[in-house]
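> For reference, the sequence and a predicted model appear below.
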Amino acid sequence: MKMTAKDYLNQAWYLDQRINSKLEQIASLNTLALKATSTITGMPHSPNRASAEMEDTIAKIVDFQAEINEEIDALVDLKQKISKAIKAVPEAQFQTLLEKRYLCFEPWEKIAVEMGYDMRWLYRLHGRALALLQTQLDGSSEQATKSH
């Protein structure tokens with residue numbers, strides 16, 4: 001199934017949302033680890049078992065942070081690809097609109113105010129911009145198919 005221009009552009013937003021979710025999970029895990037540390041240090045039981053459990057928890061958090069860093073790298077790469085595709089759209093106002101929406105993740109209302117358009121006109125421009133981008137994407141996928 002062919003990816004639409006809008007689907008292509010929305011990839012960055014979805015990846016950004018996944019990263020934000022994982023960052024929230026890391027913050028929660030760090031809070032739990034701190035609670036566990038204060039609980040463990042106050043207990044008179046075997047300190048070796050408690051420190052080993054804490055090391056395991058910290059190792060899991062570090063692994064999770066590494067996973068997030070990989071996704072951040074992927075997001076940067078994806079945004080570069082999307083930016084390149086947007087720059088191929090011929091009109092500057094379309095480029096600005098697409099960048100604000102799909103690279104900066106700005107809401108429609110803010111874009112309308114910043115660009116000085118009413119919402120209906122902004123949506124109309126967005127449709128035109130997507131159509132031009134779709135033409136660019138279709139052309140590049142056809143060239144990729146021909147070169148293989």
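Noted; the coordinates are in hand. Numbers count the residues shown, from 1 in each chain.
> Would you mark the buried spots in whatever helix or strand Arg18 lives in?
In the assignment (DSSP states H and E), Arg18 maps to helix 5-41. Residues of helix 5-41 classed as buried by neighbour count (16 or more other Cβ atoms under 10 Å): 5, 8-9, 11-12, 15-16, 19, 22, 26, 29. C-beta: built from backbone N, CA, C; applies to glycine.
> Now do the same for that helix: mean pLDDT, whole number.
Averaging pLDDT along helix 5-41 yields 85.
> Packing partners of it?
Counting contacts by 3 or more Cβ pairs under 8 Å, 6 or more residues apart in numbering; DSSP states H and E, the secondary-structure elements packed against helix 5-41 are helix 47-87, helix 92-102, helix 119-147.
> Tell me which of the ones you listed sits most buried.
helix 92-102 (a mean of 19; mean count of other Cβ atoms under 10 Å).
> Mind checking the pLDDT average for it?
The model assigns helix 92-102 a mean pLDDT of 98.
> got the CA coordinates for it in CSV?
Provided in CSV are the C-alpha atoms of helix 92-102 (Å, rounded to 0.1, in the frame of the first residue of the first chain):
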residue,chain,number,x,y,z
ALA,A,92,7.8,29.0,0.1
GLN,A,93,4.4,29.4,1.8
PHE,A,94,3.7,25.7,1.4
GLN,A,95,7.2,24.9,2.7
THR,A,96,6.6,27.1,5.8
LEU,A,97,3.2,25.6,6.4
LEU,A,98,4.5,22.0,6.2
GLU,A,99,7.5,22.7,8.3
LYS,A,100,5.5,24.4,11.1
ARG,A,101,2.9,21.6,11.1
TYR,A,102,5.1,18.5,10.6
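> any idea which helix or strand comes after it?
According to DSSP H and E, the helix or strand after helix 92-102 is helix 108-115.
> coming back round to it: Serialize the buried residues of helix 5-41 to CSV and add fields for distance to Ile82.
As requested, these are exported to CSV (distance: Cβ to Cβ, whole Å):
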residue, distance to Ile82
Ala5, 10
Tyr8, 7
Leu9, 6
Gln11, 7
Ala12, 6
Leu15, 11
Asp16, 12
Ile19, 16
Lys22, 21
Ile26, 26
Leu29, 31
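> Out of the residues you listed, which is nearest to Thr135?
Ala5 (8.7 Å; Cβ to Cβ).
> Understood, closing this out.
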